[in-house]
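Following is a predicted model, sequence given first.
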Amino acid sequence: MRVLFLLFALFAALPLRAEVTVTMVYLRVEQDRPPVLSNLDPVPDRLGLDGAEIALADNVTTGRFLGQTHRLEIMDVPPGADPLKTAKNALALASLLIVDAPAPVLVRIADLPEARGALLFNTARADDALRGADCRANLLHSLPSFAMRADALMQFARFKRWSDLALISGTHPDDTAFAQALRVSARKYGLTLRAEKTWAFDADMRRNAAQEVPVFTQELGAYDLLLVADELHDFARYIPFNTWLPRPVAGSEGLRALAWAAPVEQWGAAQLQARFTDHAGRDMQAQDYAAWAAVRAIGEAVTRTGSADPATLRAYLLGPDFALAGFKGRPLSFRAWNGQMRQPIPLVTRTALAEQAPLPGYLHQHSELDTLGQDRPETTCEAFR
């Protein structure tokens, strides 16, 4: 009897059955990646897309009971082709876009006249500027920003009382952006960045790491934790256990703050991991999770509102009633001041979950998840005001 009552209450809270067709486009702007020293971690061909397809299956299952049809179209832009032309074709087909594109291209797509009434989801770019000065009112973000990841690491360092830090950064734009987020976060949490160096080696570290890295890191002096910003995953793998001082490593190697990783198994995550592995034949990565979260957020909003209208969905997603079960122990939601999805950040090694941020003791007047990344008083985003 209790089960029947709960089922009745659940369906009573949903809108009346109405035929709704939800068409989404997964728009992927392919990029030529710079060469890296190791091929141990190749970038999957369907990175992100596999996560979107898992979420689509969930949406279809729920929608079947409510008269809702969910479709996902895929459009690729080869290197050198015009992404705006393909984006216009995508917007002619659907007003809900899941976008994997470089940050400048993402902004140009959001600024298209055809995109004014659309709703776009950034699932691949962590740039803080996209949530700040370059934000767009029609662009939401399901991938954590560099600032969110950096704050998760700094909370852990503060918790461990590792107050003196050093930083090694690569030269790729993503490396420098992540390094800047780490600097800002260190100041935010009262930690001291004692020394910095830029990694600009072009030698083959697979043979020389044991000779070069100790000499390179000796100049950093004394520190408690070594931060490494290498978002291409080029050189960071050669840093641990080769440093002059025996100290822990975090950032792009060692302890990493990610949206998702294979060691995440609590809060029902093992079930999602297993479903993804069955579908894709590999482990779920952060970008897969971001695409999954975007498609599921759309599905949840359609279920609750009974509408596929982008304006209706946007209002609900940014409102206080939206909550997405994201297998992280806390419901996910969107920040109304910059469109960033609130979410816990797992702190992982390659084989284990060390902790999940926000850590205990980091309080907030509204949501502890807002201790990660740009809070409302700190935002430079004007489009959501």
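Now that the structure is in, tell me what you want to look at.

Give the buried residues for stretch 317-328.
Residues of stretch 317-328 classed as buried: L317, L318, F322, L324, G326, F327, K328 (neighbour count, 16 or more other Cβ atoms under 10 Å). In this view, the C-beta of every residue, glycine as well, is placed from N, C-alpha and C.

distance between that stretch and the chain's centre?
Averaged C-alpha coordinates place stretch 317-328 at 15 Å from its chain's average position (Cα atoms, centre = their mean, to the nearest Å).

oh, and call the first residue 58 from now on, that's how I've got it
In the new count, where the first residue is 58, that last one comes out as stretch 374-385.

Give me the mean pLDDT for it.
In this model, stretch 374-385 has a mean pLDDT of 97.

What lies in contact with it?
197, 321, 324-326, 328-329, 350, 353-354, 357-358, 361, 373, 388-391, 393, 396, 400-401, 403, 413, 441 (Cβ atoms under 8 Å, 6 or more residues apart in numbering).

could you redo the last one with a cut-off of 6 Å?
The contact list for stretch 374-385 (Cβ atoms under 6 Å, 6 or more residues apart in numbering) reads 324-326, 329, 354, 357-358, 373, 388-391, 393, 401.

In CSV, list the C-alpha atoms belonging to stretch 112-121.
Extracted as CSV, the C-alpha positions of stretch 112-121 are listed here (Å, rounded to 0.1, in the frame of the first residue of the first chain):
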residue,chain,number,x,y,z
ALA,A,112,21.5,9.9,-21.0
LEU,A,113,19.3,9.8,-24.1
ALA,A,114,18.4,6.2,-23.3
ASP,A,115,17.3,7.3,-19.8
ASN,A,116,15.2,10.2,-21.3
VAL,A,117,13.6,7.8,-23.7
THR,A,118,12.6,5.4,-20.9
THR,A,119,11.0,8.1,-18.8
GLY,A,120,9.4,9.9,-21.8
ARG,A,121,7.7,6.7,-23.0
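
And that stretch, what's buried?
For stretch 112-121, burial by neighbour count (16+ other Cβ under 10 Å) applies to A112, L113, D115, N116, V117, T119, G120.

Greatest separation within the buried residues of stretch 374-385: which pair is it?
Spatially, the most separated pair among the buried residues of stretch 374-385 is L375 and F384, at 22.2 Å (Cβ to Cβ).

returning to that earlier point: wait, which of the buried residues of stretch 112-121 is closest to W317?
The nearest one, if we look at the buried residues of stretch 112-121 relative to W317 and count by Cβ to Cβ, is A112, at 12.8 Å.

Return the distance of that closest one relative to A380.
Distance, A112 to A380, using Cβ to Cβ, to the nearest Å: 16 Å.

Among the buried residues of stretch 112-121, name the ones in strands.
Judged by DSSP state E, strands contain none of the buried residues of stretch 112-121.

ok, so of these, who is nearest A223?
Nearest to A223 among the buried residues of stretch 112-121 is A112, at 39.6 Å by Cβ to Cβ.

A138: what secondary structure?
Secondary structure of A138, reduced to three states by DSSP: H, G, I helix; E, B strand; the rest coil: coil.

before we move on, what about K254?
Following three-state DSSP, we place K254 in the strand state.

Which residues are in contact with it?
For K254, counting by Cβ under 6 Å, 6+ apart, the contacting residues are I225.

How about it: which residues does it bridge to?
Counting by DSSP bridges, K254 forms beta bridges with I225.

ok, now how distant is it from V321?
The gap separating K254 from V321 is 32 Å, by Cβ to Cβ.

So which residues of this structure form helices?
Here the chain has its helices, by DSSP state H, at 59-69, 106-123, 140-150, 160-167, 203-217, 230-245, 262-275, 326-337, 343-362, 367-374.

D98 is nearest to which of the ones you listed?
Proximity to D98 (Cβ to Cβ) singles out helix 343-362 among the helices of the chain, at 12.7 Å.

then that closest one to PDB, C-alphas only?
What follows is helix 343-362 as a C-alpha-only set of coordinates in PDB (Å, rounded to 0.1, in the frame of the first residue of the first chain):
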ATOM      1  CA  ALA A 343      34.800  13.800 -17.300                       C
ATOM      2  CA  GLN A 344      33.500  15.000 -20.700                       C
ATOM      3  CA  ASP A 345      31.300  12.000 -21.000                       C
ATOM      4  CA  TYR A 346      29.800  12.800 -17.700                       C
ATOM      5  CA  ALA A 347      29.300  16.500 -18.600                       C
ATOM      6  CA  ALA A 348      27.400  15.400 -21.800                       C
ATOM      7  CA  TRP A 349      25.400  12.900 -19.800                       C
ATOM      8  CA  ALA A 350      24.500  15.600 -17.300                       C
ATOM      9  CA  ALA A 351      23.400  18.000 -20.000                       C
ATOM     10  CA  VAL A 352      21.100  15.600 -21.800                       C
ATOM     11  CA  ARG A 353      19.700  14.300 -18.500                       C
ATOM     12  CA  ALA A 354      19.100  17.900 -17.300                       C
ATOM     13  CA  ILE A 355      17.100  18.500 -20.500                       C
ATOM     14  CA  GLY A 356      15.100  15.300 -19.900                       C
ATOM     15  CA  GLU A 357      14.400  16.200 -16.300                       C
ATOM     16  CA  ALA A 358      13.200  19.700 -17.300                       C
ATOM     17  CA  VAL A 359      11.000  18.400 -20.000                       C
ATOM     18  CA  THR A 360       9.500  15.800 -17.600                       C
ATOM     19  CA  ARG A 361       8.700  18.400 -15.000                       C
ATOM     20  CA  THR A 362       7.400  21.200 -17.300                       C
END
